[in-house]
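Student: Let me see the structure of the following:
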Amino acid sequence: MGQDRNSRSRIVLRVGASVILVAATVLVPWWVLGVFLLGYIIVFEQAYEIFLPAFLFDALYLSTQDIQFSYMTLWVVFSIFVVRHIKPRIAFFRDL
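Tutor: Residues are numbered from 1 along each chain as shown. Prediction:
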């Protein structure tokens with residue numbers, strides 16, 4: 001029962017953090033959003049729902065400029081790749 005409660009609270013935390021990230025996409029500057037996205041990638045395993053705020057950011061802000069690249073989406077892909085390769089080598093994350 002304790003394991004079930006722990007996994008349920010972890011899911012609620014993850015969904016809550018995802019909702020905050022989507023709201024932060026329109027409420028905070030791009031560099032703050034980048035720090036939030038990186039923190040989310042580091043804290044949660046297989047954080048693929050992180051692409052929603054990145055796509056939303058690119059759709060909202062890059063369409064008004066004549067930029068063809070999706071910078072935030074590319075940054076998220078790069079960050080996921082780097083964090084997935086570095087995280088297992090950090091002693092702090094081995095016990096989690």
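
Student: quick one: least confident helix or strand in this protein?
Tutor: When the helices and strands of the chain are compared on mean pLDDT, DSSP states H and E, helix 91-94 comes out lowest with a mean of 66.

Student: Quick check: residue 14 touching residue 48?
Tutor: No. Using C-beta atoms under 8 Å, residue 14 is not in contact with residue 48, being 11.5 Å away. The way it works is simple: take the backbone N, C-alpha and C, and place the C-beta from them, glycine included.

Student: So between those two, which is more surrounded?
Tutor: Set residue 14 next to residue 48 and count neighbours by other C-beta atoms under 10 Å: residue 14 wins out with 16 against 10.

Student: Quick check: closest non-adjacent residue to that one.
Tutor: Among residues not flanking residue 14 along the chain, residue 44 sits closest, at 5.8 Å (C-beta to C-beta, 6 or more residues apart in numbering).

Student: Tell me the spacing between that neighbour and residue 21.
Tutor: Separation of residue 44 from residue 21 (C-beta to C-beta, to the nearest Å): 11 Å.
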